[in-house]
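**Q** using only what follows, build the 3D model:
(one chain, ligands or ions: 1)
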Amino acid sequence: MRPVDVARERAQTVGVRHAHHLNSAGSALPTVAVVDEVVAHLRREETEGGYEAAAAVAGRIEEVYASAARLVGARAEEIALSDSASTGLRVIVDALRLDATSRVLVARSTYVSHALHLLSLTRETGAELVVLPSGPDGAVDLDRLERALTGGPRDVVCVAQVPTSSGLVEPARDIGALTRRSGAVYLLDATQSVGQLRIDVDEIGCDALVTTGRKFLRAPRGTGFAYLRGDFLDRLTPVAPDVRGAVWTGTHQWTLAPTARRFETWESSVAGRLGLGVALTQLLDRGVEATEAYLTACGARLRRGLAAIDRVTVQDPPASRSGIVTFTVDGLGSDAVSRRLAVRGVRTVSVPASHGQWDLGLRGVPAVVRASVHVYNNDADLDALLGAVAEIARGANP
Ligand SMILES: Cc1ncc(COP(=O)(O)O)c(C=O)c1O
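**A** Down below sits the predicted model:
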């Protein structure tokens, strides 16, 4: 494995010259090549027109499916491009047609938008919603999950591999082993893990996976993709097929696309998708294993450094090993800490409990400061965070 060349990554990332950007879990810095690709396509649309420009790059858009599939160990037909992870999961969940006999088993790591969708759907349909307990390490309690599964596809298990609110990594493969054995549907939200952890959908055993472009993939905003396992796809009928996902064949007839594209919409940012393609290629060239090793090591270093600062509490549960690190400062709201860090040129975010009631809310933590690394972050970035947090914890204001 060739280690990440941080100097090279920094040389191709304009944003590193402006601040210590520790917010890849929000939206990472793209490379120059990604931005150039997007801008070039917008220029092409300006001169040729949107449809003509799209036709000219149709072959390159096909390559985006192939790269996304390669990244997660899938086939290109099993990939649907979307504008976000939330849209990706919503259309899949809607296609499951939950009813009063369904049971939705959610991990505490579930993201706010997915939770709100599942809460409203289960309320409307009478389906049961079960918030799965976590074990002492903060991850899904596998024994309790096994006992909660009743057997068969009326059980739908929904897990975020890495949540928005901590560095936790859920045991995605172990969960997959249990859902496979019981026949439950397994939906994996890999929004915070694709691009930072090695993922193989067959090893994990999920039926569907969703992710977004702007985070660890370093792709443009408004991009994302979903994976739908071939034989799972056959069981899904989109609630609202679009001209992209179906052909209207007669007055009352239509046929769905045979591939995951039945979940796509006609309208999309072609420029953004081309940018996603470049970001995927760059990640595959850099190496997912090397990326994971680097981000994991940076995350561990930050957790150790933060734990050594007086009045600072690392809020990550024991099963945290990703490049996302969360913490609080005694006596100071996380919003204020994040703002004071920004004044010092360190970009983080404050994640409130309203973004994760089943995680932060149930833990009784009103908000955490979240720092998240990427391959362009160097020692100076990590030291800048630790130094600034120490100063703020000593009472520096702003
Ligand atoms: C774990 C997790 N899942 C899903 C999402 C939603 O992604 P998107 O905004 O692309 O829909 C986020 C966004 O922060 C997230 O952190």
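**Q** and the stretch 251-398 of the chain, which of its residues are near the ligand?
**A** Selection of the stretch 251-398 of the chain residues close to the ligand by C-beta under 6 Å from any ligand atom yields an empty set. The way it works is simple: take the backbone N, C-alpha and C, and place the C-beta from them, glycine included.
**Q** for the residue in the stretch 251-398 of the chain that the ligand sits nearest to, give me the pLDDT.
**A** Nearest residue of the stretch 251-398 of the chain to the ligand: residue 355, at 7.7 Å (C-beta to the nearest ligand atom). Looking at residue 355, its pLDDT is 97.
**Q** residue 295 now?
**A** Here, the pLDDT recorded for residue 295 equals 98.
**Q** cool, the one 10 residues further on as well?
**A** You'll see residue 305 listed with a pLDDT of 98.
**Q** name the nearest residue to it, ignoring sequence neighbours.
**A** Residue nearest to residue 305 in three dimensions, not counting chain neighbours: residue 386, with 4.3 Å by C-beta to C-beta, 6 or more residues apart in numbering.
**Q** quick check, the one you found in contact with residue 309.
**A** Yes. The pair residue 386 and residue 309 qualifies as a contact (C-beta atoms under 8 Å) at a distance of 7.1 Å.
**Q** give me the beta-bridge partners of the residue of the stretch 201-350 of the chain at minimum distance from the ligand?
**A** Closest approach between the stretch 201-350 of the chain and the ligand, counting by C-beta to the nearest ligand atom: residue 212, at 3.2 Å. When bridges are called by DSSP bridges, residue 212 pairs up with residue 224.
**Q** show me what contacts it?
**A** By C-beta atoms under 8 Å, 6 or more residues apart in numbering, the residues touching residue 212 are 84, 85, 191, 223, 224.
**Q** quick check: ChimeraX command selecting the buried ones in those.
**A** ChimeraX command restricting the contacts of residue 212 to the buried ones, with burial defined by 16 or more other C-beta atoms under 10 Å:
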select :84,85,191,223,224
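**Q** report the two of the contacts of residue 212 separated the most.
**A** Taking C-beta to C-beta as the measure, the contacts of residue 212 reach their widest spread between 191 and 223, a distance of 12.1 Å.
**Q** in terms of pLDDT, where does residue 191 sit?
**A** 98.
**Q** kindly report the same for the one 3 residues further on.
**A** Residue-level confidence at residue 194 comes out at 98, pLDDT.
**Q** list, one by one, the residues from the stretch 1-150 of the chain near the ligand.
**A** Neighbours of the ligand within the stretch 1-150 of the chain, by C-beta under 6 Å from any ligand atom: 84, 85, 86, 111, 113.
**Q** can you put the residues you listed in JSON lines and add secondary structure, distance to residue 58 and pLDDT?
**A** What follows is those, written out as JSON lines (DSSP: H, G, I helix; E, B strand; the rest coil; distance: C-beta to C-beta, whole Å; pLDDT from 0 to 100):
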{"residue": "84", "secondary structure": "coil", "distance to residue 58": "23", "pLDDT": "98"}
{"residue": "85", "secondary structure": "helix", "distance to residue 58": "25", "pLDDT": "98"}
{"residue": "86", "secondary structure": "helix", "distance to residue 58": "27", "pLDDT": "98"}
{"residue": "111", "secondary structure": "coil", "distance to residue 58": "33", "pLDDT": "98"}
{"residue": "113", "secondary structure": "helix", "distance to residue 58": "31", "pLDDT": "98"}
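**Q** and of these, the nearest to residue 364?
**A** residue 111 (19.6 Å).
**Q** just checking, that closest one touches residue 190?
**A** No. Counting by C-beta under 8 Å, residue 111 does not reach residue 190; the two are 11.1 Å apart.
**Q** on that earlier part again, quick check, nearest of the residues of the stretch 1-150 of the chain next to the ligand to residue 288?
**A** Top of the list for closeness to residue 288, among those and by C-beta to C-beta, is residue 85 at 18.5 Å.
**Q** could you check how far the closest one is from residue 154?
**A** 25 Å (C-beta to C-beta, to the nearest Å).
**Q** and what of residue 255?
**A** Look at residue 255 and residue 154: by C-beta to C-beta, they are 28 Å apart.
**Q** which of those two has more neighbours?
**A** Taking neighbours as other C-beta atoms under 10 Å, residue 255 and residue 154 compare with residue 154 leading, 18 against 12.
**Q** contacting residues around the closest residue to residue 15 other than its chain neighbours?
**A** Excluding its sequence neighbours, the residue lying closest to residue 15 (C-beta to C-beta, 6+ apart) is residue 29, at 3.6 Å. Taking C-beta under 8 Å, 6+ apart, we find residue 29 in contact with 13, 14, 15, 16, 21, 218, 374, 376.
**Q** now do the fifth one, the pLDDT please.
**A** At residue 21, the model reports a pLDDT of 98.
**Q** phi and psi next, for it.
**A** phi -90, psi 100 (degrees, to the nearest 10).
**Q** hmm, residue 347 and it touching each other?
**A** Yes. Using C-beta under 8 Å, residue 21 makes contact with residue 347 at a distance of 5.0 Å.
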